[in-house]
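> My questions concern the predicted model and sequence given below.
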Amino acid sequence: MHLALFLIFGCICVAAAVNLLVQRHPINSALSLIVVMGSLAVLYLLLGAEFVAAIQVIVYAGAIMVLFVFVIMLLNAGVEEHTHGSKVAMRFGAPGAVLFVIAVVAALLRRGPDEMLPIGAMYGSPEAIGHLLFKDFLLPFEVTSVLILIAIMGAVVLARREN
Amino acid sequence: MVPLSWYLVLSAILFTLGVVGFIAKRNIITIFMSIELMLNAVNLSFVAFAAHWHQLSGQVFVFFVMVVAAAEAAVGLGIIIAVYRTRETLNVDRVNLLKL
């Protein structure tokens, strides 16, 4: 069951990621990225990380992608034009990427059969994460809030019309 | 039952696709989405390792990565809007003032 779900959603994930690269219009790429994020959320659930799966859907597929789609619509982005640079990058980059993936996969699978991951053990509950976040990781958590504040102000300043 | 290395392989494939998109695409918004794809691939390996070693710290780190991604998306899209306002284009090859 775990294996079947992993294979199905892993394949959906890779297919949507390839579709992101193939599509010429940014809105199609954005929709495929949402599919990638949704299937990644299912994979997180398989790994027992229910809190991460939930915020993957809420924050990533919800908030961040809405921001992307909003900007695409706002700027009325059209079909991407191919240039000399992109053709050169594709000609040398695609074989290079395939070689890189083959090398990484070979290195990862050469270790032999490693431990199997259990299914259904939901130990990444919000309660456990919250305990860790507000005890061991309290300082990074607070620093994060400052980071978010600066990002908000930066976005407002950057997107403001100058006059 | 799925071995840990399969999750790492999937993560590596997604990351490489993100790198290819970052290099080969010419629309600045699509380049940004490729960066998000790479961050997601890294998150997947974080969660897989967290499940493997039964350590919740990996999942907390995913939380921080998501925060950084959200901040980056907000600022980056602000920059994109500013660039579009001054250059009237989303093609990165036409934003070449600093090029010789």
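Happy to help now that I have it.
> who touches residue B:30 in this structure?
A:20, A:26, A:29, A:80, B:21 (Cβ atoms under 8 Å, 6 or more residues apart in numbering or on different chains). Where you see a C-beta, it was placed from the backbone N, CA and C, and this is true even at glycine.
> Tell me who's in contact with residue B:61.
Applying Cβ under 8 Å, 6+ apart, the residues near residue B:61 are residue B:46.
> Local confidence estimate at it?
You'll see residue B:61 listed with a pLDDT of 92.
> likewise residue A:119?
64.
> picking up where we left off before, save the contacts of residue B:30 as JSON lines, and put in distance to residue B:83, pLDDT and neighbour count too.
Shown next, in JSON lines, are these (distance: Cβ to Cβ, whole Å; pLDDT from 0 to 100; neighbours: other Cβ atoms under 10 Å in any protein chain shown):
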{"residue": "A:20", "distance to residue B:83": "22", "pLDDT": "92", "neighbour count": "26"}
{"residue": "A:26", "distance to residue B:83": "15", "pLDDT": "91", "neighbour count": "28"}
{"residue": "A:29", "distance to residue B:83": "18", "pLDDT": "93", "neighbour count": "28"}
{"residue": "A:80", "distance to residue B:83": "15", "pLDDT": "74", "neighbour count": "20"}
{"residue": "B:21", "distance to residue B:83": "19", "pLDDT": "90", "neighbour count": "26"}
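> between these, which is nearest residue B:78?
The closest of those to residue B:78 turns out to be residue A:26 (Cβ to Cβ; 17.0 Å).
> any idea how far the closest one lies from chain B?
For residue A:26, the distance to chain B equals 5 Å [Cβ to the nearest Cβ, to the nearest Å].
> where are the low-confidence patches of chain A?
Applying pLDDT under 70 to chain A flags residues A:85, A:112-121, A:163.
> Would you map out the domains in it?
By the assignment in automatic domain parsing, chain A contains the domains A:1-80, A:82-111, A:125-163.
> That's all I had, so thanks and see you.
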